[in-house]
Structures are given as structure tokens and as C-alpha cells.
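> Requesting a structural model of the entry that follows:
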Amino acid sequence: MKKWLLFLVAALMVILTACGNDESSTKETSQGKDDAKKSGTISYKSENGTVKVPANPKRVVVLSLFVGDLMEMGINVVGMDSWSKDNPDFAKKYPDAEVVASTDYEKIIELDPDLIIGSNDVEDVKKLQEIAPTVIFTYGALNYIDQRIEVGKVVNKEEEMTKWVKDFQARSKVVGDKIKDKIGEDATITVAGNSDKQIYLFGDNWGRGTEILYQEMGLNMPKAVKDVALEPGYFGISEEVLGDYVGDYLVLNLVKEGQDTSFMDSTWYNKIPAVKDKKVFYAEGSAFYFADAHSFDKQLDFFEESFLGK
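You can find the predicted model right below:
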């Protein structure tokens, strides 16, 4: 009887200790949130070291391709790179945002940012850190889903971005399954874009909706494209040989402004089976090549309408 009593007492002690640890953990989490509220900052472990960033950033300068993520989370952007400003959606959302390069230090200072987000190709991270807390990312170091979460963490909106990710993946699966049912499991899709009398083929992780088509939906890339573009991400070819790489369908990111698109009137182009069969979907290049939360939503809508007619 004594042994059973001792056993019950010991078990009770373990339970009480566990509860105490849970309570302690909860207190620590609450304490962390309270500290963030008091100090107005949170700590983010960036590639360039742990950075104290504002818990509620008000004026962000983006020197990389993350404007659409901040747009999705309702964060104000006061400066962005020229590529982002050329995106009509970003320009409309942030009409007063200045175009800045990573070396426009005086201009960035004038914008009075409380946070700078850049890529690892910025010239001098230390100079940027003297202006405002600076977080650096390397393109491709994280997969496209984890990258969205990390950007959410930087601006203290991990929960919101995690919710978006789950919803996006669920929607992508539904649309992808419908597309497979319509075009067949074995159908192949080529993603390409025009630039300076050249055509670029894209792998499965280089924007232009490639992440959605090939990774989320599991659709097929032609072997010819896979052989040259999958590993490096993209591959340039002369216009006249495009037909050698086009699968059953072609998604063409068409950049019209400042580019010669006369190839579309050529005999060789119109002889490509996908072109003859009207299985080419033309996307607006200046907005379509991004890989961020806002752009993924638009690309998914584009694919649903293009393939399914919705």
C-alpha cells in the first residue's frame, strides 16, 4: 500500500512540475510580447546577424523583390527598387514610394525609414544599417513558401503570413487538380519570356508562376526545358528555336514596352503546335515575373482563367 501511495505522490509531482513548466513557458512568451510592446522592437535573426527591428514598422524601404509580401500584410512601403516600381500593382498601391537603389544613401536617409529589407547583392550593408535596421535575404536560399514566412517574421506578422500560405496552398491544389483533369496528367507546359531579341526559358523556381505550376500543382515541364533551365533557374535561347522547347502549352511572359515583339508575327512562331492550337497564354511581363504573396495570388487567378476559362 505504501508503495502505491509513493507512486501516486511521485506521479502527482511530475504532473505539477510539467504544469509549472508550461505556465513558465507561457509567462515567457507573454513576457516577450510585453517586452516588444514596451520597447517597440523585436529581434530577427537575419543573414547579417540578429537585428532589432520595429514591432510595427511604419516606413519600409525594400531593395529587393518583397514589395508584394508587404503589400499583402498591409505594411507601408516608402521606397523600392526600380523593378518593383515598374509593377503596375505596386505603383498603384504605393504611388508616393520613391525609386531607390542600394547605394542611394542620401535618398534613403531622406525617406526616414524605420526598416530596410534587401538582398545579399546590396553594396554596403553596414552603411544601410547606419540609416535603419536592415535585414538581408539571399534569393533562393529559402524555398518560396519559407521565404514568405520569414518576411512575415521581419514585420511581426508571422501569423498572418502563415494563414495566407495555408490558404494559398489549398487553393492551388484545387485549381491544379482541375487543370490536370482537363489537360491530362501527362501534358507539358513551358514557361518563357521575351527580352532583347532573345527568349528565356524558366525552371520551377524563377517567378513567372513557375513555383505554382511545377511545385504546387505538380504539372509537367518538357524534358528539353528541364535539361537546360531547371538547375540554373533560367536559360536563354534565340527566338527561332523556341519551338524546340515548347510543350503542349506555353505560358509566355510578354514584355512589350521597349521590346521587339515582331517574332509573334513570324512564320516560325505561328507554326509551333501550341501556337496553332491556341494553347498559348500571354501574361503581362512587368507584373508577372515576381514571386511574392500578392503576385502568387494573381498568377493563380491567371492560371485558373487561362486553363479553365473562369
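> how deep is the closest residue to S82 other than its chain neighbours tucked in, by neighbour count?
Leaving aside its sequence neighbours, S82 sits nearest to V99 (Cβ to Cβ, 6 or more residues apart in numbering; 5.1 Å). Glycine gets a C-beta too; all of them are placed from N, C-alpha and C. Applying other Cβ atoms under 10 Å, we find 15 residues neighbouring V99.
> What of the one 3 residues further on?
By other Cβ under 10 Å, the residues close to S102 number 21.
> cool, V165 as well?
18.
> Surely it touches E150?
No. Contact between V165 and E150 fails when scored by Cβ atoms under 8 Å: they sit 11.4 Å apart.
> follow-up on the earlier one: so what pairs up with the residue nearest to S82 in the strands?
M80 (DSSP bridges).
> How confident is the prediction for it, by pLDDT?
The per-residue pLDDT reported for V99 equals 98.
> Please apply the same query to the one 5 residues further on.
According to the prediction, D104 has pLDDT 97.
> What of Y139?
Y139 is given a pLDDT of 87.
> so it, which of the three states?
coil (DSSP: H, G, I helix; E, B strand; the rest coil).
> thought it was touching S119?
Yes. Using Cβ under 8 Å, Y139 is in contact with S119, at 5.9 Å.
> quick one: common contacting residues for the two?
Common contacts of Y139 and S119, defined by Cβ atoms under 8 Å, 6 or more residues apart in numbering, comprise 64-65.
> separation between N220 and G247?
7 Å (Cβ to Cβ, to the nearest Å).
> Check F281 too.
13 Å.
> Need the pLDDT of the residue nearest the centre of the chain.
Compute the mean C-alpha point of the chain, and by Cα atoms, centre = their mean the closest residue is D292, 2.8 Å away. Per-residue confidence (pLDDT) for D292: 97.
> which residue packs closest to it, ignoring adjacent ones?
G68 is the one closest to D292 (Cβ to Cβ, 6+ apart), at 3.2 Å.
> now G79
Nearest one to G79, counting by Cβ to Cβ, 6+ apart, is V61 at 3.8 Å.
> would the one you found count as being in a strand?
Yes. V61 forms part of a strand when assessed by three-state DSSP.
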